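1. Sequence first, then the predicted structure, then my questions.
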Amino acid sequence: MEDGSEDAELMASIAGVETALHTNPYQYDLHLQYIELLKKTGRYERVRAARTRMAELFPLTEALWKAWLHDEVERNSERSLLLGLYKQAVHDYLSPALWREYAEYVTLGIFNEEGELQQDAIEEVRAVYEEAIMHAGQHFTEGPSIWSSYRAFETTLLNLMQGELAEKQKTRIAQLYHRQLRLPLQNLQSCREEYETCVPDMGLPADAPFEHSYKQALAQSVRLAELEQQLAAAGSASMAVYLEYIREELAHKQPSRVQLVYERAVKDNALAQDLWIKYTAYLDQQFKGDHEISLAAYERAVRNCPWSRDLWQGYLFAAERAGWAIGKVKTLFERSLSGGISSTDELKELWKLYCEYMFRRIDRSRDPIDEDQVEAWREAVHQARDYFVRYFGKGGDGGQFSQYEANLTAKHLRDVARGRSIYEEMMKDGHGSRCEAWIAFAQFELLFGTSESLRKVYVDGVNCTSDYPEVICQAWLKFEREEGTLETIDKAKARVDARMDVVYERRLQAAEKEQKEAASRAEAKAEAKAAKKAEKRKKAEEEAAGSSGQGEEKAKRPRNEAGPAESRPVPADGFQLPKSLSKKRSADEAAADGSADMQTDSAAAPHEPVQYAEGLNPTVLFVSNMNNNVREQDLQDVFGKHGRVKEVRLVSKKPAPGKTFAYVEFFEAKDATRALMANNGIMMKGRQMFCAISNQPKREARPASEE
């Protein structure tokens, strides 16, 4: 396609895909679409560049590599380029076919321009075949083709040799047969028959010094043939069969064969994160002395599953074990951050791993310690804090990295004062209201500080904590009971009580405010619903008046008129409940069954809303959403921990789940508030129950005559 005649729509599509890939390059299908669009332009250099970019981000399938290599061969690309592509192709996924093509392509270079054999080129071909056998020669169904191709190459050379060279070549070919016949491969008996025919033809004895190994391989091949049939039948659901296949190979304790089956499994299940984790863990354990095997597998694993924290973590450990330079490890770590991990906790784990790596680089056996190494570690910790501030806001790391830096500074660098100052800065930097942060600070002082410095932390924590002040208060009191004196216990208790009085008062005010706002919202909702219903009724009456034709008087008759008493429906028992004795439910009961905003359908008063008592009863808790199996004694046990319970009234509306509710009345409002804060939202008999200050009016004492 000429530049001047390029289709505008095609170019617009290409531009759109380029923009999308620039925004997010980890879109596999979009890369494929981009390559296909570029092919239509006829600009192969751009196609090659697009393929190269995709191969940098993802391992390519056998089909994609074959298409790419075919296009390069068609264009008579340079041999060095093709060799580089073949080397990359055979290591993305296990492919015996690509290994065979690679070796056969290298074979084309064994003759020089004068048509003479080049020994260096022959050795290069043999090296490729040996590598192919190492990676794919034990593939049960496709491995034999590599062995056959290797022998065919050596047989071709034999036909070009004479004398002593020819005799050595015959021995080489016989040895290839011997090596193959020791492996459990498909059609092993046919290979044995070929050997017994071919070797005598070459003038060599068809002896069998490998007979024992051959029989073992033949017996194992029967079992493997069954597994291969199961794989073929499983199709895309092959994972379970592969895991059984791996167990079979593990039982024979042949690491190279186990590795090959893992390679086959990840080829067919490339996005199975757990499979990659199992595979890389096996390589880490089995090939401790050869780090390159593990590193190559980790590289392919994270290109397939870049969102996996566990794979990046394993990769970083493998890089450290392999002795990578710090700059190379840092680059790998930065890659992990852009791999698509979205969980804050997993990102914290990665940053923690990197900071720990930097700390391990400090030679603590030196005296004095190398300050440059220490500063490099501190810089990594500060980068971690800045990262979470940038992406998750102030305090986004929860103070974890400050705590980590402070604790290691005191423990390993023996600088308690600096560790304490790190905690103090953390409190000023948005964590001073968090109980968890103060508990961590107290633990620091308990390990590295003095009793007085610990008490100072508890005092500040009790005054500043706003989320869970009870926890820090209890921690202080526990410390004083175990380590303090009666005087320090009394002082701590006085401070704690004063603080909790303020806390309970504020919580009660907040609960009252929320209750009023909830009542206001419910009232507004009820009014809106009533207005909507009235509007709907009016519209229906107007439609009836216009269409009935039965006279103005009938059209104007109210729809809700009850009519004579004798015409009203009467229950089967003949008793009709007077309106004055109709049951009126409390706001709490209505809330428990979800019908607080329902209108009464009473014929005598269709527009009269349910009346709720105004004001709160601070000594009574309304407990809802309970398991139907909860009993009054259960509630007495739970709520009695927080003060004297006057009465428990349980209301059950079986069999509807969650329709059981109760009123728990305390003698003191203060105790009710404590129980509210402690029990709201807890699980009780497998169901989360909720507590609130009751909206039910106080119960008046009954006259003595009624008792």
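-> Right, received. Where do you want to start?
2. can you pull out the helices in the stretch 401-550 of the chain?
-> Using DSSP state H, counting those that start in this stretch, the helices of the stretch 401-550 of the chain run over residues 416-426, 435-448, 451-464, 469-483, 486-547.
3. Which elements pack onto the shortest one?
-> Contact analysis of helix 416-426 by 3 or more Cβ pairs under 8 Å, 6 or more residues apart in numbering; DSSP states H and E lists helix 400-411, helix 435-448 as its packing neighbours. No exception for glycine: its C-beta is placed from N, CA and C like everyone else's.
4. what angle separates the first one from helix 435-448?
-> The reference is to helix 400-411. Comparing the axes of helix 400-411 and helix 435-448 via axes from the mean of the first three to the mean of the last three Cα atoms, to 10 degrees yields an angle of 10 degrees.
5. any idea of the mean pLDDT in the lengthiest strand in the chain?
-> The residue-count maximum for a strand in the chain (DSSP state E) belongs to strand 617-626. pLDDT averaged over strand 617-626 equals 88, rounded to a whole number.
6. cool, stretch 524-543 as well?
-> For stretch 524-543, the mean pLDDT works out to 87.
7. Now name the helix or strand holding Lys215.
-> Per DSSP states H and E: Lys215 is located in helix 211-234.
8. In that helix, which residues are buried?
-> Within helix 211-234, the residues that qualify as buried by neighbour count (16 or more other Cβ atoms under 10 Å) are Tyr214, Ala217, Gln220, Ser221, Leu224, Ala225, Leu227, Glu228, Leu231.
9. Low-confidence bits of the stretch 201-350 of the chain, can you list those?
-> Counting by pLDDT under 70, the stretch 201-350 of the chain contains low-confidence ranges at 205-209.
10. Show me the helices in it, by range?
-> Per DSSP H, counting those that start in this stretch, the stretch 201-350 of the chain carries helices over the ranges 211-234, 239-251, 255-268, 273-286, 291-304, 309-321, 326-337, 344-360.
11. need these in TSV with distance to Ile122, can you?
-> Shown next, in TSV, are these (distance: least, Cβ to Cβ, whole Å):
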stretch	distance to Ile122
helix 211-234	29
helix 239-251	34
helix 255-268	26
helix 273-286	33
helix 291-304	26
helix 309-321	36
helix 326-337	37
helix 344-360	46
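12. Figure out which of these is closest to His412.
-> helix 344-360 (7.9 Å; Cβ to Cβ).
13. By mean pLDDT, which helix or strand of this protein comes out lowest?
-> Each helix and strand of the chain was given a mean pLDDT (mean pLDDT, DSSP states H and E); the minimum falls on helix 552-556 at a mean of 45.
14. List the single closest residue to Arg499 in space, sequence neighbours excluded.
-> What sits nearest to Arg499 in space, not counting adjacent residues and going by Cβ to Cβ, 6 or more residues apart in numbering, is Val462, at 5.3 Å.
15. Likewise for Leu676?
-> Using Cβ to Cβ, 6+ apart and skipping residues adjacent in sequence, the residue nearest Leu676 is Cys691, 5.0 Å away.
16. mind saving the C-alpha coords of whatever helix or strand that neighbour lives in as PDB?
-> Element membership of Cys691 [criterion: DSSP H and E] is strand 690-694. Provided in PDB are the C-alpha atoms of strand 690-694 (Å, rounded to 0.1, in the frame of the first residue of the first chain):
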ATOM      1  CA  PHE A 690     -27.200  -4.300  66.300                       C
ATOM      2  CA  CYS A 691     -27.900  -2.100  69.300                       C
ATOM      3  CA  ALA A 692     -29.300   1.500  69.600                       C
ATOM      4  CA  ILE A 693     -30.700   3.700  72.400                       C
ATOM      5  CA  SER A 694     -34.400   2.800  72.500                       C
END
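17. ok, back up a step: quick one, which of the helices of the stretch 201-350 of the chain gets closest to Gln119.
-> Gln119 lies closest, by Cβ to Cβ, to one member of the helices of the stretch 201-350 of the chain: helix 291-304, at 28.4 Å.
18. how much space between Gly449 and Thr488?
-> Taken as Cβ to Cβ, to the nearest Å, the spacing of Gly449 relative to Thr488 amounts to 16 Å.
19. nope, Lys536 is what I was after
-> Taking Cβ to Cβ as the measure, Lys536 falls 70 Å from Thr488.
20. could you list every residue that touches the closest residue to Pro255 other than its chain neighbours?
-> By the measure of Cβ to Cβ, 6+ apart, the closest residue to Pro255 outside its immediate chain neighbours is Gln286, 5.0 Å from it. Applying Cβ atoms under 8 Å, 6 or more residues apart in numbering, we find Gln286 in contact with Pro255, Val258, Gln259.
21. Looking at those, which is nearest Ile341?
-> Taking Cβ to Cβ as the measure, Ile341 lies nearest Gln259 of the contacts of Gln286, at 27.6 Å.
22. Tell me how many other residues surround the nearest residue to Lys330 once chain neighbours are set aside.
-> Beyond its immediate neighbours in the sequence, the residue positioned closest to Lys330 (Cβ to Cβ, 6+ apart) is Tyr354, lying 7.9 Å away. When neighbours are counted by other Cβ atoms under 10 Å, Tyr354 registers 22.
23. repeat for Asn24
-> The burial metric for Asn24, expressed as a neighbour count using other Cβ under 10 Å, is 9.
24. Same question for Gln313.
-> For Gln313, the count of nearby residues is 17 (other Cβ under 10 Å).
25. just the one 3 residues further on next, same as before
-> Applying other Cβ under 10 Å, we find 21 other residues in the vicinity of Leu316.
26. Kindly report the same for the one 4 residues further on.
-> For Glu320, the neighbour count with other Cβ under 10 Å is 17.
27. dump the residue contacts of it.
-> When contacts are counted by Cβ under 8 Å, 6+ apart, Glu320 touches Val329, Tyr357, Arg360.
28. likewise Glu131?
-> With the criterion set at Cβ under 8 Å, 6+ apart, Glu131 makes contact with Trp99.
29. how close does it get to Glu124?
-> Glu131 sits at a distance of 11 Å from Glu124 (criterion: Cβ to Cβ).
30. And Asp397, by the same measure?
-> Between Asp397 and Glu124 the computed distance is 54 Å (Cβ to Cβ).
31. Export the contacts of Gln286 to a markdown table and append columns for neighbour count and distance to Glu18.
-> Compiled in a markdown table, the contacts of Gln286 are given as follows (neighbours: other Cβ atoms under 10 Å; distance: Cβ to Cβ, whole Å):
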| residue | neighbour count | distance to Glu18 |
| --- | --- | --- |
| Pro255 | 15 | 45 |
| Val258 | 22 | 43 |
| Gln259 | 23 | 39 |
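32. Look up the closest residue to Glu292, ignoring the ones flanking it.
-> Nearest non-adjacent residue to Glu292 (Cβ to Cβ, 6+ apart): Ala322, at 7.6 Å.
33. pretty sure that neighbour contacts Leu295?
-> Yes: with contact defined as Cβ atoms under 8 Å, Ala322 counts as touching Leu295 (6.1 Å).
34. Compare the two (neighbour count), which wins?
-> Counting neighbours by other Cβ under 10 Å for Ala322 and for Leu295 shows that Leu295 has the greater number, 18 against 14.
35. ok, that one - contacts?
-> So, once contact is read as Cβ under 8 Å, 6+ apart, Leu295 ends up touching Tyr315, Ala318, Ala319, Ala322.
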